[in-house]
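Trainee: Give me a model of this one.
(one chain, ligands or ions: 2)
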Amino acid sequence: MNILILGSGGREHAFAVKLHSSPLCDQLYIAPGNGGTQHVATNVAISPTDFPALKAFVLEKEIAMVVVGPEDPLVKGVYDFFVSDKELAHVQVIGPSQHGATLEGSKEFAKEFMVRHNIPTAKYASFTKETVEEGCAFLSTMKAPYVLKADGLAAGKGVVILEDLHEAQAELRRMLIDAKFGQASTKVVIEEFLKGIELSCFVLTDGVDYKILPTAKDYKRIGEADTGLNTGGMGAVSPVPFADAAFMQKIEERIVKPTINGLQSEGIVYKGFVFIGLIKVEGEPYVIEYNVRMGDPETEVVLPRIESDLVPLFQSLYNGTLAAQELKITPESATTVVMVSGGYPEEYEKGKVITGTESVTDSMVYHAGTTLKEGALLTAGGRVLAITSLGADFQQALQKSYHSISKIHFEGAYYRRDIGKDLSSL
Ligand code: AMP
Ligand code: GLY
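Mentor: Ligands and ions are numbered 1, 2, ... in the order given. Now for the predicted structure:
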């Protein structure tokens, strides 16, 4: 079958490599892709949210499956666009309906869903412009640190954690009254702060049955020892060493099952990935957030550990056979280290020549912000490359990733040298 991937990051390059290896995949396209994806797929200059252009392309190329990488098209209803169009209804879209995507598109919706289904999460209340003074009063009843979350999508920047009550109250006013995050902060969720260690659990579901994919831990801050600004993600490790069988059992019973049962009982159509952001607090799992897609860079460590062909797994979301599918996971560990442009996540320059990727032999080089121009590989984004390796344990995998990085050069390149270090001491 012909398959189209939507997106342009390292996550989508990892999907492209995996799908390209499937004997069931004939032509593979990616819209818009990047400088690396064109080795395994055909890049197509269409935005993932330009639904009419996607329709024309899907019909022209007889595409039977669309794998959606980022949240934007999902929250904008790409699934519903396809199923409600007679000419497109046969196409298998891997991703939730717009209703399902609200689990990521609205923090308040996600919190209410968790409360309805008794899924452990931080206590919260939500406020609007009209109730901003109640919000400030609510903050004064809470203990520091204060967690404020813009309800809508804010490009990963909508969560603010502050130590000082007056600053938190001022921030709440900025979000609600001054629309700091635009539409996204017309509502704000204020949450109890949870102290613990974070990890992510990924689930593939057809809305009834599910498969739990490998866990991963990502490293969000730009600076070593988790300091500095938040980024899209600077590295990841899979599996998460502290997520042992007993802890995974708790996650499955208390979180995964009620989430999938909740989707089903509420009639929410969902044929895709649920990315559950978790925090382990005194041995117990709590949900920090839902995402309705795979993570980036987590995908770059999760997919390389999946030995099974993804295409039959994806097809099974449409023919009710997910439960019968085999999901084979390698016991090896995977790590990825992200190389970014100097200055990221603030201002950075693009167009720097990247050399050395072809001499990497021990790792997979997933491209994110790259482009090919007249045969030269150039930087084209903040996160440039994700260097993934497999090893008997994550320390061995990391050694390989760092060795491979030493062969790759571009002006201003930066990466964290401490990925996984926190895990050794646990
Ligand atoms: P989110 O966008 O909801 O994943 O939040 C971004 C980050 O903020 C999370 O990865 C956590 O590190 C942190 N965070 C969010 N909610 C809480 C909470 N209730 N307690 C502690 N940290 C939180
Ligand atoms: N790495 C976190 C995310 O994809 O949201």
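Trainee: C-alpha from now on. contacts and neighbour counts both.
Mentor: Fine.
Trainee: Which helix or which strand is home to Ala31?
Mentor: Element membership of Ala31, judged by DSSP states H and E, is strand 28-32.
Trainee: In its sheet, which strands sit next to the very next helix or strand once past that strand, and in what direction?
Mentor: Next along the chain after strand 28-32, taking DSSP H and E as the criterion, comes strand 42-43. Sheet pairing here is set by DSSP bridges, and for strand 42-43 it gives strand 28-32 (parallel).
Trainee: residue ranges of the helices in this structure, please?
Mentor: For the chain, the helices defined by DSSP state H cover 10-20, 51-60, 71-75, 78-83, 98-105, 107-116, 132-140, 165-176, 245-251, 257-265, 299-302, 310-319, 394-405, 421-424.
Trainee: For the residue of the stretch 201-350 of the chain found nearest ligand 2, which residues are in contact?
Mentor: With Cα to the nearest ligand atom, the shortest gap between the stretch 201-350 of the chain and ligand 2 falls at Gly295, namely 3.3 Å. If a contact means Cα atoms under 8 Å, 6 or more residues apart in numbering, then Gly295 has Arg11, Phe275 as its contacts.
Trainee: try 10 Å this time
Mentor: Going by Cα atoms under 10 Å, 6 or more residues apart in numbering, Gly295 touches 10-11, 69-71, 200-202, 216, 218, 232-233, 236, 273-277, 301-302.
Trainee: how near is the residue most central in space within the chain to Gly235?
Mentor: Nearest to the geometric centre of the chain sits Gly295, at 1.9 Å (Cα atoms, centre = their mean). Going from Gly295 to Gly235 by Cα to Cα, to the nearest Å gives 11 Å.
Trainee: Ok, Val147 next?
Mentor: Using Cα to Cα, one obtains 24 Å as the distance from Val147 to Gly235.
Trainee: So which of these two has more stuff around it?
Mentor: Per other Cα atoms under 10 Å, whichever of Val147 and Gly235 has more neighbours is Gly235, with 29 against 19.
Trainee: Which strand residues bridge that one?
Mentor: Beta-bridge pairing for Gly235 (DSSP bridges): Val337.
Trainee: who touches it in this structure?
Mentor: 217-221, 296-298, 300-301, 335-339, 386-388, 415-420.
Trainee: Gly33 too?
Mentor: By Cα under 10 Å, 6+ apart, the contact set of Gly33 is 5-10, 12-13, 16, 41-47, 367-371.
Trainee: Now the buried members of those.
Mentor: 5-10, 12-13, 16, 41-44, 46-47, 367-371 (16 or more other Cα atoms under 10 Å).
Trainee: out of these, who's near ligand 2?
Mentor: Applying Cα under 6 Å from any ligand atom, the subset of those adjacent to ligand 2 is empty.
Trainee: Need the pLDDT of Ile190.
Mentor: Looking at Ile190, its pLDDT stands at 95.
Trainee: start at 633 instead
Mentor: From this message on, residue numbering opens at 633, which makes the last subject Ile822.
Trainee: my guess is it meets Val764, correct?
Mentor: No. Using Cα atoms under 10 Å as the test, Ile822 is too far from Val764 to be in contact (11.4 Å).
Trainee: May I have the distance across stretch 884-902, first residue to last?
Mentor: 18 Å.
Trainee: Quick check: buried residues in that stretch?
Mentor: For stretch 884-902, by 16+ other Cα under 10 Å, it's 886-892, 894-896, 900-902.
Trainee: in this protein, which segments are predicted with low confidence?
Mentor: The model of the chain has pLDDT under 70 over residues 1057-1058.
Trainee: Just the closest residue of the stretch 633-782 of the chain to ligand 1, please.
Mentor: Using Cα to the nearest ligand atom, the closest approach of the stretch 633-782 of the chain to ligand 1 is made by Ala754 at 5.3 Å.
Trainee: Can you tell me the closest non-neighbouring residue to that residue?
Mentor: In space, Ala754 comes closest to Glu824 once its chain neighbours are excluded; the distance is 5.4 Å by Cα to Cα, 6 or more residues apart in numbering.
Trainee: Now that neighbour. Its backbone dihedrals?
Mentor: phi -60, psi 140 (degrees, to the nearest 10).
Trainee: What of Gly668?
Mentor: phi -100, psi -30.
Trainee: what's the neighbour count on it?
Mentor: When neighbours are counted by other Cα under 10 Å, Gly668 registers 26.
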